[in-house]
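Chemist: after the sequence you'll find the predicted model.
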Amino acid sequence: MNVATFTDPAREIAKLRDLYRSVGEARAEMGEAPIAFDGFVQLVRDQVLTARKRGLPEVAFRVALKDGKVAFTARGLKGTSGGEKG
């Protein structure tokens, strides 16, 4: 499992690449097709923008394996210390 938080994905490229790598590794482990980096970046960016509109300045993304599939979830945070966990 990997968790990363973002406030501005455009400025957090290293974390974005690490999260993409985690998703890719999990998908490969489950026999799922890879996803394009550009599409992944857009997904993360959209989630962060949506959270900001709701007054949540930070989004935590989680990669996990659940029921034989890759679970990639996003959850808006009210504003914590930030950074990457995992």
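Modeler: On my side now, so go ahead. Numbers count the residues shown, from 1 in each chain.
Chemist: quick one: residue 67 from residue 32, how far?
Modeler: Using C-beta to C-beta, to the nearest Å, residue 67 is found at 13 Å from residue 32. In this view, the C-beta of every residue, glycine as well, is placed from N, C-alpha and C.
Chemist: who has more neighbours, the two?
Modeler: residue 32 (13 against 5; other C-beta atoms under 10 Å).
Chemist: report the secondary structure state of the one residue sitting closest to the centre of the chain.
Modeler: Nearest residue to the geometric centre of the chain (C-alpha atoms, centre = their mean): residue 61, 3.7 Å. Secondary structure for residue 61, judged by DSSP: H, G, I helix; E, B strand; the rest coil, is strand.
Chemist: ok, now which ones touch it?
Modeler: 3, 4, 5, 6, 19, 44, 47, 72, 73, 74 (C-beta atoms under 8 Å, 6 or more residues apart in numbering).
Chemist: restricted to buried residues, select those residues in ChimeraX.
Modeler: In ChimeraX, this line selects whichever of the contacts of residue 61 come out buried by 16 or more other C-beta atoms under 10 Å:
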select :3,4,5,6,19,44,47,72,74
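Chemist: among the contacts of residue 61, name the ones in helices.
Modeler: Residues of the contacts of residue 61 located in helices (DSSP state H): 19, 44, 47.
Chemist: what's across from the nearest residue to the first one once chain neighbours are set aside in the sheet?
Modeler: Meaning residue 19. Nearest non-adjacent residue to residue 19, counting by C-beta to C-beta, 6 or more residues apart in numbering: residue 4, 4.6 Å away. The partner list for residue 4 in beta bridges (DSSP bridges) reads residue 61, residue 84.
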